[in-house]
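Peer 1: Got a predicted structure plus its sequence, pasted below:
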Amino acid sequence: MLGAITGDIVGSIYEWNNIKTTTFPLFQRHCHFTDDSVLTIALADAILQQKDAAETLKDYYHRYPNAGYGARFCAWAEKAESNPYNSWGNGAAMRISAVAYAFDTLDTVLAKATEYTAITHNHPEGIRGALATATAIYLARTGHSKAEIKAHITQEFGYDLQRTCDEIRPHYCFDVSCGGTVPEAIIAFLESTDFENALRLAVSLGGDCDTLTSITGGIAQAFYGGVPDDIAKTTLAFLDEPLQTVTLTFMNQYRMPVNR
C-alpha cells in the first residue's frame, strides 16, 4: 500500500507534464498526494474498521475535496445514494492495493476486489483492471516470480504484456482507462530491477502518470519486500497525520514491511 502511495506522490507532478525519461529527482518540492492516495487509504480504513466502503470513500472525498478526483467520481460522492456509474476508468485499479494484503487467498482477494470496485466502477473493464492489479500484488507478496505473475495476468485477464517500456514510451499518451493503464503499469514492474527503478520506468512511460506509477508501486512493494527506508520516510512526510496514521496502522495490522 505504501508503494502505491509513493508512486502517486512521485508521479503527481508529471501527469500533465510527461517527461519520458527515467532520469529525474525522485521527490521534488511540488510533489503531493492526489486522489489516488486518498482513496487507497480510504479503502484501507474501511477494511481496517469494517466500515461501509462507499460511505468511507465519500467521507474521504469530503475531507480532502481538492485531491484531484475525476468528474464522475465527484458527482457520485456528492449524491446521497451510492449507485455505481459504470466506469471503466483506472481509478478502479489505483485504490485497490490494500485488498491484496488484507485477505489470505487469491479467491477471497478477487471476491473482495470485485465488491469494493463495483461500488463505483461496475463496468467489466473497470473490474478487470482492479482484479488484475490486486492479483499481481497478491502473487508478488506470496513469492511468485515475475514470469509466473506475467503468465497468470496474461491468461486470466487477457492483457498484452509482451511489449517493452522502450516500445510503449514513444507513442504512449494520456489515458484514463483501465485497459490503457494497467498493462503498462504491470510492464513497468516486470522490467524493473528494484522498487525505485519500477517507479522510474513507470514515470518514463507518461500517460496518466500518477495513477500508472501508483499501480506499479503497489506491485513493486509487494515483490521487492517493502519500500526502501529513505523512500518510505519521505513518502510518509508528504501525508498529513490522519493519512499517516491509517497507512501505518494498516501496514502493521497486515504485517506489511514499512522498509527493507
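Peer 2: That came through fine.
Peer 1: which residues touch the helix-or-strand element of the chain with minimal mean pLDDT?
Peer 2: Taking mean pLDDT, DSSP states H and E as the measure, the helix or strand of the chain with the lowest value is helix 91-94, at a mean of 93. The contact list for helix 91-94 (CB atoms under 8 Å, 6 or more residues apart in numbering) reads 4, 8, 35-36, 39-40, 70, 73, 117, 120-121, 126-127, 129-130, 132-133, 176, 178, 181-182, 185, 211, 214-215. The way it works is simple: take the backbone N, C-alpha and C, and place the C-beta from them, glycine included.
Peer 1: So which of those residues are in helices?
Peer 2: For those, membership in helices holds for 4, 8, 35-36, 39-40, 73, 117, 126-127, 129-130, 132-133, 182, 185, 211, 214-215, with DSSP state H as the criterion.
Peer 1: now those: which count as buried?
Peer 2: Of the members of those, the ones counted as buried by neighbours, 16 or more other CB atoms under 10 Å, are 4, 8, 35-36, 39-40, 73, 117, 126-127, 129-130, 132-133, 182, 185, 211, 214-215.
Peer 1: Looks like F73 contacts I119 (just checking).
Peer 2: No. If you go by CB atoms under 8 Å, F73 and I119 don't touch, sitting 10.9 Å apart.
Peer 1: neighbours of R255, just the number please.
Peer 2: As a burial measure, the neighbour count of R255 was computed by other CB atoms under 10 Å and equals 7.
Peer 1: Ok, L26 next?
Peer 2: For L26, using other CB under 10 Å, the count is 15.
Peer 1: can you pull the pLDDT of the closest residue to it other than its chain neighbours?
Peer 2: For L26, the nearest residue in space outside its immediate sequence neighbours is V10; the separation is 5.9 Å by CB to CB, 6 or more residues apart in numbering. Per-residue pLDDT puts V10 at 98.
Peer 1: element containing V10?
Peer 2: Using DSSP states H and E, V10 sits in helix 2-11.
Peer 1: what helices or strands is that helix leaning on?
Peer 2: Helices and strands touching helix 2-11, as assessed by 3 or more CB pairs under 8 Å, 6 or more residues apart in numbering; DSSP states H and E, comprise helix 35-49, helix 195-205, helix 209-224, helix 229-238, helix 241-253.
Peer 1: With mean pLDDT and distance to Y64 added, can I get those in CSV?
Peer 2: Formatted as CSV, the entries for the helices and strands packed on helix 2-11 read as follows, by pLDDT from 0 to 100; distance: least, CB to CB, whole Å:
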stretch, mean pLDDT, distance to Y64
helix 35-49, 97, 5
helix 195-205, 98, 23
helix 209-224, 97, 15
helix 229-238, 97, 13
helix 241-253, 96, 8
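Peer 1: what's the closest of those to A77?
Peer 2: Closest approach to A77 among the helices and strands packed on helix 2-11 (CB to CB): helix 35-49, 10.1 Å.
Peer 1: what does the helix or strand following that closest one rub up against?
Peer 2: The element immediately downstream of helix 35-49 (helix or strand, assigned by DSSP H and E) is helix 53-63. Helix 53-63 is contacted by residues 38-39, 41-43, 45-46, 49, 67, 69, 73-74, 77, 82, 115-116, 119-120, 242 when judged by CB under 8 Å, 6+ apart.
Peer 1: Is it possible to mark the buried ones in the residues you listed?
Peer 2: Buried positions within these, assessed by neighbour count (16+ other CB under 10 Å), are 38-39, 41-43, 45-46, 67, 69, 73, 77, 116, 119-120.
Peer 1: which one of those is nearest A147?
Peer 2: Nearest to A147 among the buried ones among the contacts of helix 53-63, counting by CB to CB, is Y116 at 28.7 Å.
Peer 1: doesn't I96 make contact with that closest one?
Peer 2: Yes. Counting by CB under 8 Å, Y116 sits close enough to I96 to count as a contact (6.9 Å).
Peer 1: For Y254, report the pLDDT, please.
Peer 2: Reading off the confidence values, Y254 has pLDDT 89.
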